[in-house]
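Visitor: Return a 3D structure for these sequence lines:
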Amino acid sequence: HLVLLLVRTELNLQLAAAGAKLVVLDFYADWCGPCKMIAPILEELNNVEPNVVFIKINVDESEEIAEKFNITGMPTFVFIKNNKPVYSFQGANIGSLKSTIEKYKCHSSLREEYGLADYDAIPAKPRIANSSNIKVILPLFTVRQL
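Guide: Numbers count the residues shown, from 1 in each chain. Below you'll find the model as predicted:
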């Protein structure tokens, strides 16, 4: 869902509500040409990415939030996972916007599917392959002798 924010307390509530979902903060200004250019793309992504929360923040009306994220130019996109910034970039680069969303959103569905509470819950030690668990893999490959 697309949210327009004005104050920091609203941002904190939205980030808490997002949980493990990717949150994309769009820092923009009404007078910013590139911001106007990319706005329809953001609306489109909002409609096709149900597991991503998009939040638009007008830097002229939400100076405290812009200062918190050290915004120096618009548009600036800040990507947040589990209430922590994981990536940001400045500029109306549609390719970067889409690829960054793809990169960071995929972990949400994996976490939900496997019921992981945190990335730290993923075992550091890989399982050893044996005859009981390798049977699933072998039919996928054909062995040829050269």
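Visitor: going forward, measure contacts between C-alpha atoms and count neighbours the same way
Guide: Will do.
Visitor: Do a quick rundown of the strands in this structure.
Guide: 2-5, 22-28, 52-58, 76-81, 84-90 (DSSP state E).
Visitor: Single out the most deeply packed of these.
Guide: strand 22-28 (a mean of 25; mean count of other Cα atoms under 10 Å).
Visitor: one step back: where among the strands of the chain is average confidence lowest?
Guide: Ranked by mean pLDDT, these bottom out at strand 2-5, with a mean of 66.
Visitor: now the closest residue to Asn82 other than its chain neighbours: how far from Leu42?
Guide: Distances taken as Cα to Cα, 6 or more residues apart in numbering place Ala20 nearest to Asn82, at 5.2 Å, with adjacent residues excluded. To Leu42, Ala20 is 20 Å away according to Cα to Cα, to the nearest Å.
Visitor: Same question for Tyr28.
Guide: In terms of Cα to Cα, Tyr28 sits 12 Å off from Leu42.
Visitor: what do you get for Thr100?
Guide: Counting by Cα to Cα, the gap between Thr100 and Leu42 amounts to 13 Å.
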